[in-house]
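1. coords please:
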Amino acid sequence: MFIFPFLFFLTFFRATYLVIFLFPAFSIIYLIISNNKEKKQHNKKSGFPENKKKAFGLPLVIFGFIFFPLLFSIIISIIDRLDFYTIVVFISIVSLFITTGFYIPLSVYERYFAKKNKLLNFSPPVTIIVPAYNEETGIARTIDSILEADYPYKEVIVVDDGSIDQTYHIASSYKNKFKNGSSYAVIHKFNGGKASAINHALRFSKNEIVIIIDADSIINKIAIKSIVKHFYDENVIAVGGYIRVYNFSNILTNCTALEVLNAWNLIGRAFSFLGTVMIVPGALGAFRKKVIVERGFYEKDTLTEDFDLTIKILKTKGKIAFEGSSLSYTDIPNNIKDLYRQRRRWYIGNFQTIIKHFNIFTNPSYNLLFEFGYPIVLFLTFGRAIWSFLIPISIVLAILSGRYIPLAISLLMFISYSFILSAIAFIMDGQRERSRLILYSPLMIIGYAQILDIILIKGLLDILFRKKAKWTRAKRTTQ
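-> This is a model prediction of the structure:
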């Protein structure tokens with residue numbers, strides 16, 4: 001019982017172990033039924049679900065694939081008198097199977113079986129906001145992609161947030177290029193940050209549907225048309241675009257590209273099916289302006305204003321979806337220094353936002369945000385931070401005790417599973433030209449994963465010790 005592979009097979013032969021793998025199935029069935037009920041309860045006039053206050057509730061997902069499975073596996077480990085390394089690995093594999101068994105079926109269902117609105121002639125006027133600060137290396141390609149986008153009525157507002165380079169000059173050169181029902185304006189303001197820039201532009205926007213695009217991103221030709229069609233459903237309050245990596249230059253960018261692809265296809269689609277996409281990305285996101293205004297605009301009290309705003313508007317109980325054909329190609333860090341600057345801001349901002357909105361955990365009236373969205377984000381964020389400590393410790397103990405073969409077999413098992421997950425993500429994505437990225441799957445377990453874990457731990461420690469953090473970004477690498 002001390003060799004991990006035996007534990008893997010025993011989970012399928014001992015009924016007591018097998019029980020924990022039934023929870024994802026029950027949770028999925030519950031969520032699908034709950035999701036269908038909420039759709040029927042939507043008030044078409046207001047565009048939001050009926051606000052029925054629940055007397056009592058508890059996130060089913062906590063018991064469905066987090067708390068009970070982990071507690072059950074810990075109890076089994078103690079009863080079987082397993083050592084620390086085997087306990088950690090056993091709980092890790094159980095957690096991995098439970099979580100993937102939960103969200104992958106939902107993602108596959110969303111990709112291939114869910115009914116989707118294919119209406120393409122819904123083309124209300126939209127406002128496109130591009131916040132920019134010192135973006136002279138990429139602002140032209142961003143505006144070019146918006147100019148070439150297939151959409152009839154575009155009000156484009158570029159906000160130069162106090163740039164000290166040629167951003168304003170380059171953006172201003174496009175003033176006479178938007179014609180045939182479209183308009184274009186460049187606003188210059190003193191530097192106040194991305195949130196301030198977007199809020200400033202919102203006050204000038206004339207249309208109900210607002211699309212935010214980062215100044216280092218390139219959208220595809222059908223991006224606007226595809227993302228806007230979701231607003232035909234009055235219950236939809238926001239839609240996130242599909243982010244793809246623009247610059248492939250080394251191992252680091254390839255690993256990031258694989259990470260992004262896995263995140264959107266394996267997890268993002270599950271959130272989209274339930275209408276609870278938790279982060280509408282800054283690279284491409286569409287919103288109903290009135291919801292942003294009603295919820296108090298973007299705020300600057302966290303380092304991840306996109307995440308914060310998404311949570312705020314989800315509290316209205318409207319739906320946030322994901323559109324896989326609205327592509328935004330974005331620049332990513334190609335060195336460790338810039339990756340550290342980007343991810344540290346992300347992780348600190350994520351911790352800040354989760355803590356800020358902790359009241360969701362005690363309010364069942366938020367429905368699927370309470371039952372599904374927030375608990376998963378909480379688990380993935382803080383759970384990863386905990387395992388970032390435990391896994392290295394268990395590996396060191398295994399090496400010191402001479403358990404090389406179990407360690408090697410365990411790592412091989414996790415790497416094999418990583419290959420399988422990446423393959424599923426690529427099949428759902430349909431991006432065959434980049435299928436070679438699957439070869440980087442081992443680095444999602446050993447190498448790249450540890451780099452992110454170290455940055456995550458650093459971010460958590462900064463939060464715990466209240467170290468001041470600034471809004472930082474990576475250096476642009478392409479032109």
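2. wait, is residue 278 part of a strand?
-> No: using DSSP: H, G, I helix; E, B strand; the rest coil, the assignment for residue 278 is coil, not a strand.
3. Pull the contacting residues for it.
-> Residues in contact with residue 278 (C-beta atoms under 8 Å, 6 or more residues apart in numbering) are 271, 307, 310, 311, 314, 373, 374, 376, 377. All C-beta atoms are positioned from the backbone trio N, CA, C, and that covers glycine.
4. Now rank the residues you listed by neighbours and give me the top one.
-> Within the contacts of residue 278, most neighbours by other C-beta atoms under 10 Å means residue 314, with 28 neighbours.
5. Apart from its neighbours in sequence, what residue is nearest that one?
-> Computed as C-beta to C-beta, 6 or more residues apart in numbering, the closest residue to residue 314 that is not its neighbour in sequence is residue 369, at 5.1 Å.
6. what about the one you found, which SS state?
-> Applying three-state DSSP: residue 369 is helix.
7. where's it relative to residue 272, distance?
-> In this view, residue 369 and residue 272 are 14 Å apart by C-beta to C-beta, to the nearest Å.
8. One more: residue 203?
-> Distance, residue 203 to residue 272, by C-beta to C-beta: 30 Å.
9. What of residue 231?
-> Between residue 231 and residue 272 the computed distance is 15 Å (C-beta to C-beta).
10. How about residue 89?
-> For residue 89, the distance to residue 272 equals 32 Å [C-beta to C-beta].
11. any weak-confidence spans in the stretch 1-150 of the chain?
-> Residue ranges of the stretch 1-150 of the chain with pLDDT under 70: 1-73, 76-77, 79-81, 115-120.
12. Recalculate using a threshold of 50.
-> Residues of the stretch 1-150 of the chain meeting the criterion pLDDT under 50: 1-16, 43-56.
13. When residue 203 and residue 272 are compared, which one has more neighbours?
-> The residue with more neighbours, out of residue 203 and residue 272, is residue 272; 24 against 9, by other C-beta under 10 Å.
14. correct me, but residue 276 touches residue 314?
-> Yes: in this structure, residue 276 is within contact of residue 314 by C-beta atoms under 8 Å, at 6.5 Å.
15. hey, what's in contact with both of those two?
-> Shared contacts of residue 276 and residue 314 (C-beta under 8 Å, 6+ apart): 320, 369, 373.
16. what's around the second one, how many residues?
-> By that I understand residue 369. Burial of residue 369 is recorded as 25 neighbouring residues (other C-beta under 10 Å).
17. repeat for the first one
-> Here the neighbour count serves as a burial measure; for residue 320 (other C-beta under 10 Å) it reads 27.
18. Just the CA atoms of whichever strand or helix holds it, as PDB, please.
-> Using DSSP states H and E, residue 320 maps to strand 319-330. What follows is strand 319-330 as a C-alpha-only set of coordinates in PDB (Å, rounded to 0.1, in the frame of the first residue of the first chain):
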ATOM      1  CA  LYS A 319     -25.400  35.900 -17.600                       C
ATOM      2  CA  ILE A 320     -21.900  36.300 -18.800                       C
ATOM      3  CA  ALA A 321     -20.900  34.100 -21.700                       C
ATOM      4  CA  PHE A 322     -17.800  33.200 -23.700                       C
ATOM      5  CA  GLU A 323     -17.600  33.500 -27.500                       C
ATOM      6  CA  GLY A 324     -15.000  31.100 -29.100                       C
ATOM      7  CA  SER A 325     -15.100  32.700 -32.600                       C
ATOM      8  CA  SER A 326     -14.300  36.200 -31.300                       C
ATOM      9  CA  LEU A 327     -10.500  36.100 -31.300                       C
ATOM     10  CA  SER A 328      -8.100  38.500 -29.700                       C
ATOM     11  CA  TYR A 329      -4.400  37.900 -30.300                       C
ATOM     12  CA  THR A 330      -2.300  39.400 -27.500                       C
END
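19. Could you name the helices and strands sitting against it?
-> Applying 3 or more C-beta pairs under 8 Å, 6 or more residues apart in numbering; DSSP states H and E, one finds that strand 319-330 contacts strand 217-219, helix 223-228, strand 236-245, helix 269-273, helix 305-314.
20. got the residue ranges for the helices in the stretch 351-479 of the chain?
-> Counting by DSSP state H, counting those that start in this stretch, the stretch 351-479 of the chain has helices at residues 368, 374-400, 404-429, 448-464.
21. how about those helices, which one is nearest residue 325?
-> When the helices of the stretch 351-479 of the chain are compared by C-beta to C-beta, helix 404-429 sits nearest residue 325, at 11.4 Å.
22. Show me which positions of the closest one end up buried.
-> Residues 406-407, 410, 413-415, 417-418, 421-422, 424-426, 428-429 are the ones in helix 404-429 that count as buried (16 or more other C-beta atoms under 10 Å).
23. Equivalent analysis for stretch 348-360, please.
-> By 16+ other C-beta under 10 Å, the buried positions in stretch 348-360 come out as 348, 349, 350, 351, 352, 353, 354, 357, 360.
24. wait, the fourth one sits on residue 461?
-> Same thing as residue 351. No: applying C-beta under 8 Å as the test, residue 351 and residue 461 come out as separate, 10.5 Å apart.
25. can you pull the contacts of residue 311?
-> So residue 311 contacts 278, 353, 357, 360, 369, 374 (C-beta under 8 Å, 6+ apart).
26. Distance of the second one relative to residue 195?
-> From residue 353 over to residue 195 the distance is 13 Å, taken as C-beta to C-beta.
27. do the fifth one as well
-> Counting by C-beta to C-beta, the separation of residue 369 from residue 195 is 22 Å.
28. all strands for the protein, in order.
-> Here the chain has its strands, by DSSP state E, at 42-43, 48-49, 126-132, 154-161, 183-189, 209-212, 217-219, 236-245, 285-288, 319-330.
29. Residue 396 is nearest to which of those strands?
-> The closest of the strands of the chain to residue 396 is strand 236-245. By C-beta to C-beta, the value is 33.6 Å.
30. The closest one versus helix 305-314: what angle between them?
-> Interaxial angle of strand 236-245 relative to helix 305-314 (axes from the mean of the first three to the mean of the last three C-alpha atoms, to 10 degrees): 150 degrees.
31. Walk me through which strands strand 236-245 pairs with, and which way each runs.
-> With DSSP bridges as the test, strand 236-245 is paired with strand 285-288 (antiparallel), strand 319-330 (parallel).
32. same question for that strand, mean pLDDT?
-> For strand 236-245, mean pLDDT is 94.
33. Just the pLDDT for the residue nearest the centre of the chain.
-> Nearest to the mean C-alpha position of the chain, by C-alpha atoms, centre = their mean, lies residue 279 at 5.2 Å. If you check residue 279, the pLDDT there is 93.
34. For it, which non-adjacent residue is spatially closest?
-> Using C-beta to C-beta, 6+ apart and skipping the chain neighbours, the partner closest in space to residue 279 is residue 307 (4.9 Å).
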